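In: need coordinates for the below:
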Amino acid sequence: MKDTTTLGIRRSAEMAAVFMIGDGLLGLLQPTRHVDLWRSDVAAVDGLVRPFAGHPRRRRAYGLVQLAAGLVLATMLKPVPDRG
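Out: Predicted coordinates:
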């Protein structure tokens, strides 16, 4: 059971890293398009991207942070040893 839980946590962390890397890369390369896509009438969603609207440099900087953090997270994850 512990191995299954550990594997689930590691896979979830890997998915988070992949999301951070991808979102960071899009924010870095296409900041205006990416922010415009996420603008929303839902206040909670819009609140996440509103600080970047009209500020492509700010979004690019945040994209670099996301990219770096995602790579660090992925690098820290170690595979679960095969017990087969």
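In: can you show me the helices along this structure?
Out: All helices of the chain, identified by DSSP state H, fall at 2-29, 31-38, 43-49, 56-76.
In: can you lay out the ones you listed as JSON lines showing mean neighbour count?
Out: Every residue, glycine included, has its C-beta placed from N, CA and C. Formatted as JSON lines, these follow (neighbours: other Cβ atoms under 10 Å):
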{"stretch": "helix 2-29", "mean neighbour count": "14"}
{"stretch": "helix 31-38", "mean neighbour count": "16"}
{"stretch": "helix 43-49", "mean neighbour count": "11"}
{"stretch": "helix 56-76", "mean neighbour count": "16"}
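In: so residue 46 versus residue 39, what's the distance?
Out: Residue 46 sits 6 Å away from residue 39, going by Cβ to Cβ, to the nearest Å.
In: circling back to that earlier point, turn the helices of the chain into CSV, including mean pLDDT.
Out: Output for the helices of the chain, formatted as CSV (pLDDT from 0 to 100):
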stretch, mean pLDDT
helix 2-29, 93
helix 31-38, 96
helix 43-49, 94
helix 56-76, 97
